[in-house]
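Novice: next come a sequence and a model predicted from it.
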Amino acid sequence: MLPWRAPMGMARDPYRVWLAEIMLQQTTVPHAAPYFEAFTRRWPRVEDLAAAPEDEVMRAWAGLGYYARARNLLKCAREVAARGGFPETSEGLRELPGIGPYTAGAIAAIAFGERSAAVDGNVDRVFARLMALKGEWAEEKKKIAAEVARLVPKERPGDFAEALMDLGATVCTPTAPNCMICPLTDMCAGRAEGAPERYPVKPAKVAKPVRYGHAWVYRRRGKVWLVRRPPEGLLGGMLALPSASWQEGAPPAADPPSPADWEALGEVRHVFTHFTLRLSVWQAETARNPAGEGMWADPEEETGLPTVFAKALALATGGKVRRR
């Protein structure tokens, strides 16, 4: 059973439902599950999370990506704690930070039994295949939302929502769907055509632009120098390796923050939502603190580095980086 699912017959905990839904935005179930378990061990109630310092939450979130979710997660937890609990309707839930229509519908249905439709990417895929939808995707999504809303039962709407989401996440997967065990095989138009993988039919993806940059690994007695990124912008407020601004086009000139016997280690690549980053990694031993604010950290201890900088540091340390 997925770690956020309640055993049959037990009441759903709105906190666990909300936390799972936020983590599963843009993140696969296998990747999100260990983070969910770590968060709920450390902060078992929404009040516990609300009281946590932001840097601890960001560090625990490192590796899940889309870091605005983590900031909104903490804002939402604090608002819920101040209110004394989660609103029990999808309308009320949408007033909270980081909760959109889908997430509100899912929480309302699963945690509070509201007869609301929860349509995520998994559900879109299931219905696109069931109905063999071939039209313009934005319009087909409207059809799916209407059909799911029509089918939501009066009794146990939360079980219906979870069943559809789990079907898409574990059986009707993006590639190699396991039609042999799917309970909807006999009514699936995509399966009848012999090619369910064709669906959903989405517009061709536009190639992401490539940005280039440098990351600088200062080393001293087995530790590395980390800095705090500015609070605003991409990866805002996260610990990171010193890094120059990232630019499109040709790679920028290597301009280290301070003179040292710099050694080029190679390049790491990381895909963000709107661009791909190619980061050249350099390392040097130093006997003094680099200029500016920062801290020395053991790379084998928990640092909470974002994935792109964990990749860069792993290149310098031979993979000896602890993320969580």
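Specialist: Received the coordinates, thanks.

Novice: give me the neighbour count for residue 137.
Specialist: 16 (other Cβ atoms under 10 Å). Glycine gets a C-beta too; all of them are placed from N, C-alpha and C.

Novice: how near is the residue of the chain most remote from its centre to residue 24?
Specialist: Ranked by distance from the centre of the chain (Cα atoms, centre = their mean), the top residue is residue 287, with 38.2 Å. Residue 287 sits 47 Å away from residue 24, going by Cβ to Cβ, to the nearest Å.

Novice: number of nearby residues for residue 275?
Specialist: Neighbour count for residue 275, taken as other Cβ under 10 Å: 14.

Novice: I figured it hits residue 209, correct?
Specialist: Yes. The criterion here is Cβ atoms under 8 Å, and residue 275 meets it with residue 209 at 4.9 Å.

Novice: the strands in the stretch 151-300 of the chain, which residues?
Specialist: Shown for the stretch 151-300 of the chain, the strands assigned by DSSP state E, counting those that start in this stretch span residues 210-220, 223-228, 239-240, 247-248, 263-271, 276-285, 295-297.

Novice: can you report phi and psi for residue 238?
Specialist: phi -90, psi 150 (degrees, to the nearest 10).

Novice: who's in contact with it?
Specialist: Contacts for residue 238 (Cβ atoms under 8 Å, 6 or more residues apart in numbering) come out as 58, 62, 67, 228, 229, 304, 305, 306.

Novice: and it, how far from residue 212?
Specialist: Residue 238 is 20 Å from residue 212, by Cβ to Cβ.

Novice: residue 132 too?
Specialist: 43 Å.

Novice: the strands of the stretch 151-300 of the chain: which one's closest to residue 138?
Specialist: strand 263-271 (24.1 Å; Cβ to Cβ).

Novice: got a list of contacts for that closest one?
Specialist: 208, 215, 217, 276-284, 307-308, 311-312, 315-316.

Novice: what angle sits between that strand and strand 276-285?
Specialist: 150 degrees (axes from the mean of the first three to the mean of the last three Cα atoms, to 10 degrees).
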